[in-house]
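**Student:** Fold the following for me, if possible:
(one chain, ligands or ions: 2)
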Amino acid sequence: MATIKPIEGRSVHQIQSGQVIVDLCSVVKELVENSLDAGATSIEVRFKNDGLDSIEVQDNGSGIDPQNYESIALKHYTSKLASYDDLTSLTTFGFRGEALSSLCAVSNFHIITAQAQQAPKANKLEFEHSGRLKGTQIVAGQKGTTVSISNLFSRLPVRRKELEKNIKRELGKVVNLLNEYACISTGVRFSVKNTDSKKRQLVLLTTKANASIRENIANVYGAKTLLTLIPLELELEFEPSATGKRLNRDLNKIHVRGYVSRPVVGEGRGTRDRQMYYVNSRPCGIPQIAKAFNEVYKTYNISQAPFVLADFQMDTNAYDVNVSPDKRTILLHDSAALIESLKEALDQMFQGAEQSVPQSQFT
Ligand code: ADP
Ligand code: MG
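**Tutor:** Ligands and ions are numbered 1, 2, ... in the order given. Predicted coordinates:
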């Protein structure tokens, strides 16, 4: 029988990193969330050869504090969360300190960063795959941070092959994901470009800073989309269900804002491809909520699915984001009661909305 031995530290790091950074989407998601956490008002994402050659995310956020240069790419180093208790009152996207460390392990990776007082000088930081800082160098650069990734997964040959095979579909998924962040981030300008193997540049997405959610939708999906949308404004207040965890009364008060298709045949969509759900402006997948929207909408427009942009603003104690590595799955502590009250409110809203004026009529 083979004896049990511990896996060598370096290999453990590489295996675990493969769980945080699983594909092109997770790379972009982690970097964009870091930029948003740094208070950026401009985020540029640049792909070369669909991301196979390189991926670059540039922001004009706070920059990285020089005293953190040594630690940012080490595992579980984060400037955002100090203790487990902080997890319940989370307001940043990041909190595990895993993304940069994992990116280091699975790609070639460097950062150029400057805080306000350093610009127009910046520091270029290079790291070893272990996350250890290899060296710094003074370069020109404005306030903010640029993270550059090349040769993604080249150290994991099976995954690299998979990436190359599915790259077009992967890039499509990335654009969908960035659309979600771009639509909800009203104070942030997004620009996403790809330079293909023939050096042709294609703009995949642009929004403006200081635009409303409505304007963002128009920029991302085309102004015509607004013709079929009505504003979504719901105040949900519900009795907790028997299984629901009740800590304080505010947990059962939820404000929902956004836009949804008019409940009119012909104004929905053939598929569910444009449905974006958020909790406190964090994009996330909540299957029960999506199901509720689609079910109620169907009673008015049986042949189509709605466009949905719905942001559930609620007490941070009412849910847990720490359940999946990509932090996309959100666990609601009292989903049964929430869904009931949501369905009722949606139904009421749609009843009054068949005759309502679509969004393009508003200024
Ligand atoms: P987390 O986001 O969970 O803290 P990361 O590995 O994503 O972990 O990032 C590690 C740390 O690096 C962050 O806590 C932050 O201090 C710093 N950092 C990363 N990206 C940026 C950025 N774009 N601007 C400023 N600081 C950043
Ligand atoms: Mg992060």
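
**Student:** separation between the residue of the stretch 1-150 of the chain found nearest ligand 1 and residue 149?
**Tutor:** Closest residue of the stretch 1-150 of the chain to ligand 1, CB to the nearest ligand atom: residue 94 (2.0 Å). Any C-beta I mention is one placed from the backbone N, CA and C, and that applies to glycine too. Residue 94 sits at a distance of 17 Å from residue 149 (criterion: CB to CB, to the nearest Å).

**Student:** Those two: which is more packed in?
**Tutor:** Counted by other CB atoms under 10 Å, residue 94 and residue 149 do not tie: residue 149 has more neighbours, with 23 against 20.

**Student:** Confirm for me that that one is in contact with residue 107.
**Tutor:** Yes: Residue 149 lies in contact with residue 107 (CB atoms under 8 Å); the separation is 4.7 Å.

**Student:** Look up the residues that both of the two are in contact with.
**Tutor:** Taking CB atoms under 8 Å, 6 or more residues apart in numbering as the criterion, residue 149 and residue 107 both touch residue 27.

**Student:** circling back to that earlier point, is the residue of the stretch 1-150 of the chain closest to ligand 1 in a helix, a strand, or coil?
**Tutor:** coil (DSSP: H, G, I helix; E, B strand; the rest coil).

**Student:** Pull out the buried positions in stretch 155-174.
**Tutor:** 155-156, 159-160, 163, 167, 170-171, 174 (16 or more other CB atoms under 10 Å).

**Student:** what's the closest of those residues to ligand 2?
**Tutor:** residue 174 (16.8 Å; CB to the ion).

**Student:** The closest one reaches residue 32, doesn't it?
**Tutor:** No: contact between residue 174 and residue 32 fails when scored by CB under 8 Å: they sit 9.8 Å apart.

**Student:** Now the terminal residues of stretch 197-216, how far apart.
**Tutor:** Counting by CA to CA, to the nearest Å, you get 30 Å between the two ends of stretch 197-216.

**Student:** Show me the strands in the stretch 101-250 of the chain, by range?
**Tutor:** Remark: strands assigned in the stretch 101-250 of the chain by DSSP state E, counting those that start in this stretch are 108-114, 121-127, 133-140, 144-150, 189-195, 201-206, 229-237.

**Student:** Which of the helices or strands spans residue 295?
**Tutor:** Following DSSP states H and E, one finds residue 295 within helix 287-298.

**Student:** what packs against that helix?
**Tutor:** Secondary structure elements in contact with helix 287-298, counted by 3 or more CB pairs under 8 Å, 6 or more residues apart in numbering; DSSP states H and E, are strand 253-261, strand 275-279, strand 308-313, helix 335-353.

**Student:** quick one, the shortest one and helix 287-298 angle?
**Tutor:** For the pair strand 275-279 and helix 287-298, the angle between their directions (axes from the mean of the first three to the mean of the last three CA atoms, to 10 degrees) equals 130 degrees.

**Student:** Can you spell out which helices and strands pack onto strand 275-279?
**Tutor:** helix 167-184, helix 287-298, strand 308-313.

**Student:** can I get the ones you listed in CSV with distance to residue 349?
**Tutor:** Below are the helices and strands packed on strand 275-279 laid out as CSV (distance: least, CB to CB, whole Å):
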stretch, distance to residue 349
helix 167-184, 20
helix 287-298, 9
strand 308-313, 12
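
**Student:** Most tightly packed of those?
**Tutor:** strand 308-313 (a mean of 22; mean count of other CB atoms under 10 Å).

**Student:** gap between that one and the chain center?
**Tutor:** Using CA atoms, centre = their mean, to the nearest Å, the distance from the centre of strand 308-313 to the centre of the chain it belongs to is 14 Å.

**Student:** now swap in stretch 193-213 and tell me
**Tutor:** For stretch 193-213, the distance to the chain centre is 17 Å (CA atoms, centre = their mean).

**Student:** Residues in contact with it: which ones?
**Tutor:** Outside stretch 193-213, the residues touching it (CB under 8 Å, 6+ apart) are 41-42, 44-51, 171, 175, 178-179, 182-192, 215-216, 219-220, 258-259, 309.

**Student:** which bits of this structure sit near ligand 2?
**Tutor:** Residues of the chain lying near ligand 2 by CB under 5 Å from the ion: 34, 94, 99.

**Student:** Among these, which one sits closest to residue 302?
**Tutor:** Among the residues of the chain next to ligand 2, residue 94 lies closest to residue 302 (CB to CB), at 42.1 Å.

**Student:** quick one: that closest one and residue 72 touch, right?
**Tutor:** No: taking CB under 8 Å as the definition, residue 94 is not a contact partner of residue 72, at 11.0 Å.

**Student:** okay, and for the stretch 151-300 of the chain, where does confidence drop off?
**Tutor:** Across the stretch 151-300 of the chain, the ranges flagged by pLDDT under 70 are 241-251.

**Student:** Need the nearest residue in space to the residue in it positioned nearest to ligand 1, chain neighbours excluded.
**Tutor:** Closest approach between the stretch 151-300 of the chain and ligand 1, counting by CB to the nearest ligand atom: residue 188, at 12.7 Å. Of all residues not flanking residue 188 in the chain, residue 41 sits nearest, at 5.6 Å (CB to CB, 6 or more residues apart in numbering).

**Student:** Next: residue 184.
**Tutor:** residue 281 (5.2 Å).

**Student:** what residues are up against that neighbour?
**Tutor:** If you count contacts by CB under 8 Å, 6+ apart, then residue 281 has 184-185, 311, 313 around it.
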